[in-house]
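Engineer: Dropping a prediction and its sequence here:
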Amino acid sequence: MNHRNETKPKHSRAACFAAGFFAALLIGCAATAGSHIPEAEIPADSVVFQEPPTPEQAMVTPDPALITPVPSLDPTPTPSPTPTPSPTPTPSRHPLNGDTLLVGDEEPIVLDIQIRLMELCYLDFEQPDAEYSDGTADAIRAFQVRNGMHGNGICDAATFEKLFSDDALTYAMVKGSTGDDVELAKERLIELGYLEGVPFGEYDEQTEAAVRRFRKKNRLSDDVIIDNDAFEILLGENTVSNFYGLGEKDSAIETYQQSLYKLGYLTYVPDGIFGKQTQNAVRRFQEENGLVVDGCLGMSTVDLLKSGEAAPFAFTVGTEGADVHRIQERLSHFGYLSDAQITGYYGDKTQAAVKSFQKRNNLKADGAVNYETMQMLLGEDAKKAPATPKPETPKPTKKPSKTEKPGTTSKPTKKPTPKPDDGDSGDSGSTINYGDGVEAFIKVAESKLGCRYVRGAKGPERFDCSGFVYWCLNHAGVKQSYMTSIAWRSCSKYKRIKSMDSLKRGDVLVFKGKSMSSGHVGIYLGGGRMIDASSSKGKVRITDSILSSSYWTDHFLMAYRIWS
């Protein structure tokens, strides 16, 4: 055994070498700087070396006379007081470290969890963050149930591993599912005639059978689940109901047609056949009365038709389509329009012809085709235009009048009838003041801060993003039918804003998700702020990063100016 350490001298050779080296270094520095020391201060009898170095000293102590000082690259620092140690940072919590994430936690990994939930359609595509909020917990709960796990909304290691696995299942309502989204899906299935009973409860066998019928009629794959794509169709405008199909004939259809006719939505005498014009009349009725515009005689539509409280309709400037074509044919029949002026667009000349028709037949001459005017047009007792009508050749001017044709946006020259995108409040002949309209819209939206997010909900206390915009518009005086976030992209009712630099307070914002098959909508408050129903937060909130966040700027598609 080596016992050298037991007989080691008090000062190690390394320590002696260090001491000798620094002593020599100081002597050398002094010698180099000797020109700064007056000779008078050096005693005459001074002896630099008292005695010759021992052999051991000679080994470790260099001769000062031979040392050439070199500038130190790492000088020994001056000792300072011991600094106060900074607190040890709290390590991030992570499910794979045995931690569980609960509502209220803020951890970097939550951002990744939210992004993954968006990819699997459990959350809307919106800017993720690090907060494990109520909405994130709800999405985790739905994910757990869908993937055969206990649905507690807590992200533990097992949930995290399944979430990021290749076999993680995407969002869908399946047999055994419960919750608000199931309730709303069943409500819609009842509305469309696929399901009977009450919408409450779970996704049971009866719901499965209804979903299978719904999927078959809407040309979806043969399955019994409501996934994200099926839910979009279920809530959308192009869904096929389980009621009357095109061409079907029934006495009940004639009853509904009579109601549509008396309210001014139908342009021909009821015949009991559910044809294309009846479907268009139903769509118009739904839009004017704030329902989902699907053209189906569903329960909500039928109930409103029977109630006697539905809003009437009148064809005015800006309307176009087959029904306008029919009105123009009848005006031509009585001599108020020429055949060349039958275009399907309700413009200046059609309005003038209607006024002439109304005046000659003792009706209110306002240029709008309501129930009374329609009834007179569709009969054979109306007075025809004078045998020699005044020619309509326009007088030569610097700005000749526009030719009326489909797709044009010609406007009347006097007292234009307000359109919805011009701020129409729905009251004939009145418009919403820009400031009042926008501020009413914002006030309605802010009154719902904190309300829960529920997929497919349209208010008054639960919303998804598109349901929130729909509810706020209708309660701010705008007659707006329900549209999903995807359907908003093709809206032609309002002025479209293409640049975020042009946004104004009150604009409806439209964003895409990871792909064009997903998206989000909200309401712009100005100053880079948006109010929306957030799935990740689980509630209606305000975010202030619309213009500064690369997420929102990269995913922006368009906005719509409701009030000009």
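Structural biologist: On my side now, so go ahead.

Engineer: Residue 380: which element?
Structural biologist: In this assignment (DSSP states H and E), residue 380 forms part of neither any helix nor any strand.

Engineer: how close does it get to residue 455?
Structural biologist: 53 Å (C-beta to C-beta, to the nearest Å). From N, CA and C alone the C-beta is placed, and that goes for glycine too.

Engineer: neighbour count winner among those two?
Structural biologist: Legend: neighbour count by other C-beta atoms under 10 Å for residue 380 and residue 455, higher for residue 455 (29 against 6).

Engineer: which residues touch the more buried one?
Structural biologist: For residue 455, the contacting residues are 180, 181, 184, 231, 464, 535, by C-beta atoms under 8 Å, 6 or more residues apart in numbering.

Engineer: Would you confirm that it belongs to a strand?
Structural biologist: No. Counting by DSSP: H, G, I helix; E, B strand; the rest coil, residue 455 is not found in a strand; it is coil.

Engineer: gap between it and residue 120?
Structural biologist: 14 Å.

Engineer: what's the overlap in contacts for those two?
Structural biologist: With C-beta under 8 Å, 6+ apart, residue 455 and residue 120 have no common neighbours.

Engineer: where exactly do the helices run in the stretch 401-550 of the chain?
Structural biologist: Using DSSP state H, counting those that start in this stretch, the helices of the stretch 401-550 of the chain run over 434-446, 465-475, 550-555.

Engineer: what's in contact with the longest strand belonging to the chain?
Structural biologist: In the chain, with assignment by DSSP state E, the single longest strand is strand 519-526. For strand 519-526, the surrounding residues in contact (C-beta under 8 Å, 6+ apart) are 124-126, 441-442, 445, 465-466, 468-469, 472, 485-486, 488-489, 503-513, 530-532, 542, 546, 555, 557, 559.

Engineer: 6 Å instead?
Structural biologist: Contact with strand 519-526 is made by 124-126, 445, 465-466, 469, 485-486, 488, 503, 505, 507, 509-513, 530-532, as judged by C-beta atoms under 6 Å, 6 or more residues apart in numbering.

Engineer: Report the rounded mean pLDDT for that strand.
Structural biologist: When pLDDT is averaged along strand 519-526, the result is 96.

Engineer: again, but for stretch 100-116
Structural biologist: Stretch 100-116 shows a mean pLDDT of 95.

Engineer: Stretch 547-563 too?
Structural biologist: 94.

Engineer: try stretch 260-274
Structural biologist: 92.

Engineer: to the chain's geometric centre, what's the distance from it?
Structural biologist: Stretch 260-274 has its C-alpha centroid displaced from the chain centroid by 37 Å (C-alpha atoms, centre = their mean, to the nearest Å).

Engineer: Just the residues contacting it, thanks.
Structural biologist: Against stretch 260-274 from outside (C-beta under 6 Å, 6+ apart): 244, 248-249, 253-254, 257-258, 281, 284-285, 310, 312-314, 323, 326, 370-371, 378.

Engineer: one step back: tell me the angle the longest strand of the chain makes with helix 465-475.
Structural biologist: Angle, strand 519-526 to helix 465-475, by axes from the mean of the first three to the mean of the last three C-alpha atoms, to 10 degrees: 50 degrees.

Engineer: what would the contacts of residue 455 look like in CSV with pLDDT and distance to residue 116?
Structural biologist: Converted to CSV, these look like this (pLDDT from 0 to 100; distance: C-beta to C-beta, whole Å):
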residue, pLDDT, distance to residue 116
180, 89, 22
181, 91, 19
184, 92, 25
231, 92, 20
464, 95, 20
535, 94, 14
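
Engineer: As CSV, those residues with distance to residue 240 and neighbour count would be great.
Structural biologist: Output for these, formatted as CSV (distance: C-beta to C-beta, whole Å; neighbours: other C-beta atoms under 10 Å):
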residue, distance to residue 240, neighbour count
180, 25, 15
181, 21, 21
184, 19, 23
231, 15, 21
464, 23, 26
535, 28, 26
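
Engineer: OK, contacts around residue 195?
Structural biologist: 189, 210.

Engineer: part of a strand, is it?
Structural biologist: No. Per three-state DSSP, residue 195 lies outside any strand segment and is coil.

Engineer: Between the two ends of stretch 224-232, what distance do you get?
Structural biologist: Start-to-end span of stretch 224-232 (C-alpha to C-alpha, to the nearest Å) is 15 Å.
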